[in-house]
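Peer 1: A predicted structure for the sequence below; I have some questions about it.
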Amino acid sequence: MFIKKYFTFNKEFFYNKIIPSIISFFLVISLSLIMSFLVLNNKVYNSLDKVKEHFIHINREINHGVAFSTMNDNPVLAGVFQFLSSTLFLSLIFFLPINQICVFFLSAVSFGGFFNFFDRFIPKNIDGIKTTGVLDYLQFSFWEPVFNIPDMCVIGGSILFVLSYAFFYLYSILKYKIKRNQPCYLFIDTCFKDLNIGIFQNNSFFNIKFSIPTNNNLTDITIDYINKMLKKINIRPSEIKKIYLTNGPGSFTGCRIGNIITKVWKDINEDIEIFKINSLKLQTTKENQISILDAKGGKFYTSVYKKNSLIGEIELKNEKEILEIANNDKLDIIKDNEGINIFENFFFHLKNNDFISSSCERLKPLYVKKAI
């Protein structure tokens, strides 16, 4: 489920991860080359003279770039360290639930490290002074070492990433009322006409929720909105401790999707707990009701509840049969989730202990009728 987005085109992933990284890449390399040109042509701060004075002052031929001063005497070790650390930062971009701003700064850190790494292996001779640094010539008057644009990206990007990540982390806590010392739970309902999905921590409100028309793209938008919620409240999939879902009846695709997602999540995190409720039960709000869902062809999935208990089995009935039962037993009819708030209903049934604990083996779609 979560690996899917890395191997297939995902519009949200492309705009939130790939585009900021590309912008960061071109900004780093453009600034590096522009500054290198200006410095090497002595256009700013008499910079070439300052660089030469610095090299003469340390009284040695420079044969590697100036970075990670503790490793200056071992350029191979320094290069390996830079390459591995930059690769790690780049991988974090794809796996951390961070927004575009954080992606941009973390990309700058990563690409700055990569440019420093490659800079070590580009030979250059400046007025008889040997150096592998072609990007390595920007010196601040208040700073003794020679710092380049990639160095500034690594240092500045790291600081800005930490600050922006901390800001958005606190923002998500305040906006979505996330308590980091409490477990999170996921609710998935894919059986109705709309996808209903949310994350909550207690029994009173959802920290974040969505109700979205499906338009025959249920599989894609369910996964996308799960990832969107995790990102917005800045939590990992492993922090979800319980999944509550409807397992049918409803559309055949909808009945399957919720079950498949839950089972995959269970494979990733074996400690997660699963709770299910049928979609007809979920839309009830009174002890005595007839709950129906359109099954097409003039038929309706039908269940009769008296004193909050299912009478008989869930069956397919036509409108005439349903009205006859309602009139004889004086029951209200609730149909296709009309006029109700599904999220309020969720907590109603959660408090009434109407959700049934289930294992992966016992979690199956409730179809009622066979697929055509």
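Peer 2: That came through, no problem.
Peer 1: what about D271, how many neighbours?
Peer 2: By the measure other Cβ atoms under 10 Å, the count of residues near D271 is 7. To be clear about C-beta, it is placed using only N, CA and C from the backbone, and glycine gets the same treatment.
Peer 1: Please give the three-state secondary structure assignment for it.
Peer 2: coil (DSSP: H, G, I helix; E, B strand; the rest coil).
Peer 1: Find the nearest non-adjacent residue to it, please.
Peer 2: Closest residue to D271 in three dimensions, ignoring its sequence neighbours and counting by Cβ to Cβ, 6 or more residues apart in numbering: K241, at 7.4 Å.
Peer 1: can you check I268 too?
Peer 2: Spatially, and ignoring its direct neighbours in sequence, I268 is nearest to P237 (6.5 Å; Cβ to Cβ, 6+ apart).
Peer 1: Please apply the same query to E12.
Peer 2: D224 (5.8 Å).
Peer 1: where does the one you found land in three-state SS?
Peer 2: Applying three-state DSSP to D224 yields a three-state assignment of helix.
Peer 1: how much space between it and L195?
Peer 2: Taking Cβ to Cβ, to the nearest Å as the criterion, D224 is separated from L195 by 10 Å.
Peer 1: tell me which strands and helices the helix or strand where the residue nearest to D271 lies is in contact with?
Peer 2: Element membership for K241 (DSSP states H and E) is strand 240-246. In this structure, strand 240-246 makes packing contacts with strand 184-189, helix 252-268, strand 273-277, judged by 3 or more Cβ pairs under 8 Å, 6 or more residues apart in numbering; DSSP states H and E.
Peer 1: Quick one, which of those gets closest to S32.
Peer 2: helix 252-268 (40.3 Å; Cβ to Cβ).
Peer 1: Touching the closest one from outside, list them.
Peer 2: Judged by Cβ atoms under 8 Å, 6 or more residues apart in numbering, the contacts made with helix 252-268 from elsewhere in the structure are 1-2, 188-192, 214, 218-219, 222-223, 226, 237-238, 240, 243, 245-249, 272, 274, 360, 363-367, 371.
Peer 1: So K286 sits against D332, correct?
Peer 2: Yes: between K286 and D332 there is a contact at 6.6 Å, judged by Cβ atoms under 8 Å.
Peer 1: which residues are common contacts for those two?
Peer 2: Applying Cβ under 8 Å, 6+ apart, one finds that no residue jointly contacts K286 and D332.
Peer 1: The residue nearest to I268 contacts N269, correct?
Peer 2: Yes: contact between P237 and N269 holds when scored by Cβ under 8 Å: they sit 7.0 Å apart.
Peer 1: Show me what the longest strand seen in the chain is packed against.
Peer 2: Longest strand in the chain, counting residues (DSSP state E): strand 309-318. Using 3+ Cβ pairs under 8 Å, 6+ apart, the elements in contact with strand 309-318 are strand 299-306.
Peer 1: can you do 10 Å?
Peer 2: Taking 3 or more Cβ pairs under 10 Å, 6 or more residues apart in numbering; DSSP states H and E as the contact definition, the neighbouring helices and strands of strand 309-318 are helix 279-282, strand 289-294, strand 299-306, helix 319-329.
Peer 1: Quick one: closest of those to G339.
Peer 2: Among the helices and strands packed on strand 309-318, strand 289-294 comes nearest to G339, with 12.6 Å by Cβ to Cβ.
Peer 1: and the helix or strand where L195 lies, which strands flank it?
Peer 2: Taking DSSP H and E as the criterion, L195 maps to strand 194-200. Sheet partners assigned to strand 194-200 using DSSP bridges are listed as strand 184-189 (antiparallel), strand 206-213 (antiparallel).
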